[in-house]
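1. Got a predicted model here, sequence first, then my questions.
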Amino acid sequence: MTHATPPGWYPDPGQIPGAPPSERWWDGTMWTDAVRAPGGSPAFPPQPPQSPRRRARTAVVIGVAVAVLAGIVGGVYALTAGDDDGDDDSAKPPASSGPSKPGEDDGEGPKKPDGSVSPGPSDGAPEAEEGFASDTASGISMPVPDGWEGKSGPAGAGVTTGRYPCPGDDTKVCVRGGAFSAPATAFKIRKTSPEAAAKADIEKNAEESYGGKIYGGKLVSHKQLASKSVTVAGQKGYLVRWKAVNRKGPDGYVQSLAFKSPADGTTMVIVRFGIDDTDDAPSVSVMDEITKGIKESRGGGGGDGQQV
C-alpha cells in the first residue's frame, strides 16, 4: 500500500541553484503558494487550492515572481528550475512515501505531481520606495540604476539589466548585469565578520554566476581585482571582486559584498554582483554605484531568525 506524503514544509521544487534556498508547503496532495526560508516563518500563509480559472490567471505572474526573486545569481538570471541536468533531488518530498518527482518551475509556476500548475505566491512583496528594490529580511533597499529592473521580496531583492539567451542553454535567460541581496545564511555563509563573509562567498558567487553547464562547466580561472573595506548604509562592510574566466560565452566580473544590516546590526547581509565582460554590458563601476546607494529600508526589517 502506498502512503501519501504527509503535509509539511519541503525544499521548494522551483528552487534554482545558487539562489537563497526556500521551502514550500505540501498540503498532502499538491504544492501550495506558501513559501518560507528554511526553518523560518512562512512568507505567505498556507492557502486552500485555487480553482483552475484562478490558477490560469496567476500562472504567468507566479512564474515571473519565482524566477526574478529566486533566480538572480550574480550575473545570471535563470528562468528554469532544478540543477543543470534537470534532476534536482533536493527539490523533492521524501521519495519513499510520496510522489517520485514533483514538477519543476518552468516559468508557469510550481507544479503538482501530475504535472498541472499549482498556485504560487503572486503577491506579498514589500512596497519599495521608487527607484529602489527592498529586501525585507535584510532591512535594506538597493538602488535601481537607470535602465535596470528592480524586484523586491520578503527574503531578498534583485536588480538586473540586459536579458539574453544563456550561451550553454538557450532555454534559460541570462543578464548582462545583476545584483542580488539576502541574509548571509541564505547563501549558507555564517561568518561573523564582513571580511570573512565576503571572502567565504566570492568563490561560490563566481561558480554559481559564471560556471555550470550554461557557461561550459567549472570556471577556467579567476583574478582578484579588489579586496577592501567599505562603508555600506552606515555599516562597516567588506567586498571582494574577481574577474572570472569561463569556458563558454562571456567572461564576467563578480563581487561579493558583506555588511551587517542597518536595521538590527546583527544580521549579516550578502550582496552578490555579476557583470558580463562585453561591450554591451554595464560598466563595472555600476557595482560601486549600487554599493554606495544601499540604505536602510523605510520599513525597517532585518533578521531571518538565524542572525550571526
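-> Arrived safely. Keep in mind it's a predicted model, so treat the numbers as computed, not measured.
2. Ends of stretch 181-199, what's the gap?
-> 16 Å (Cα to Cα, to the nearest Å).
3. For that stretch, what does the pLDDT average out to?
-> For stretch 181-199, the mean per-residue pLDDT is 93.
4. So what touches that stretch?
-> For stretch 181-199, contacts defined as Cβ atoms under 8 Å, 6 or more residues apart in numbering pick out 20-21, 37, 135, 137-138, 140, 142, 155-158, 200-201, 204, 227, 229, 236-240, 256-261, 267-272, 294, 303-304, 306, 308. All C-beta spots, glycine's among them, are computed from the backbone N, C-alpha and C.
5. Please spell out which residues along that stretch are buried.
-> 181-187, 189, 191, 194-195, 197-199 (16 or more other Cβ atoms under 10 Å).
6. Serialize the residues you listed to TSV and add fields for distance to Gly150 and secondary structure.
-> Output for the buried residues of stretch 181-199, formatted as TSV (distance: Cβ to Cβ, whole Å; DSSP: H, G, I helix; E, B strand; the rest coil):
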residue	distance to Gly150	secondary structure
Ser181	11	strand
Ala182	15	strand
Pro183	19	strand
Ala184	21	helix
Thr185	23	helix
Ala186	19	helix
Phe187	20	helix
Ile189	23	coil
Lys191	27	coil
Pro194	24	helix
Glu195	28	helix
Ala197	24	helix
Ala198	23	helix
Lys199	28	helix
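7. so which of the residues you listed comes closest to Tyr164?
-> Ser181 (23.2 Å; Cβ to Cβ).
8. Surely Thr231 and Gly237 touch.
-> Yes: look at Thr231 against Gly237 with Cβ atoms under 8 Å: they come within range, at 6.5 Å.
9. Have a look at those two and say which one is more surrounded.
-> Gly237 (24 against 11; other Cβ atoms under 10 Å).
10. So for the closest residue to Asp280 other than its chain neighbours, what pLDDT did the model give?
-> Closest residue to Asp280 apart from its sequence neighbours, by Cβ to Cβ, 6 or more residues apart in numbering: Arg176 at 6.4 Å. For Arg176, the pLDDT comes out at 94.
11. Now do the helices in the stretch 101-250 of the chain.
-> 194-210 (DSSP state H, counting those that start in this stretch).
12. quick one: low-confidence ranges for it?
-> 101-128 (pLDDT under 70).
13. Let's see that with 90 instead.
-> Along the stretch 101-250 of the chain, segments meeting pLDDT under 90 span 101-130, 153-155, 166-173, 186-188, 208-220, 222, 246-250.
14. Gly234: neighbour count?
-> By other Cβ under 10 Å, neighbour count at Gly234 equals 12.
15. swap that for Val245, sorry
-> 15.
16. before we move on, what about Tyr164?
-> Residues near Tyr164, counting by other Cβ under 10 Å: 16.
17. Contacts only, for it.
-> Val173, Cys174, Val175, Arg176.
18. and the second one, how far is that from Ala196?
-> Meaning Cys174. 30 Å (Cβ to Cβ, to the nearest Å).
19. swap in the first one?
-> The gap separating Val173 from Ala196 is 33 Å, by Cβ to Cβ.
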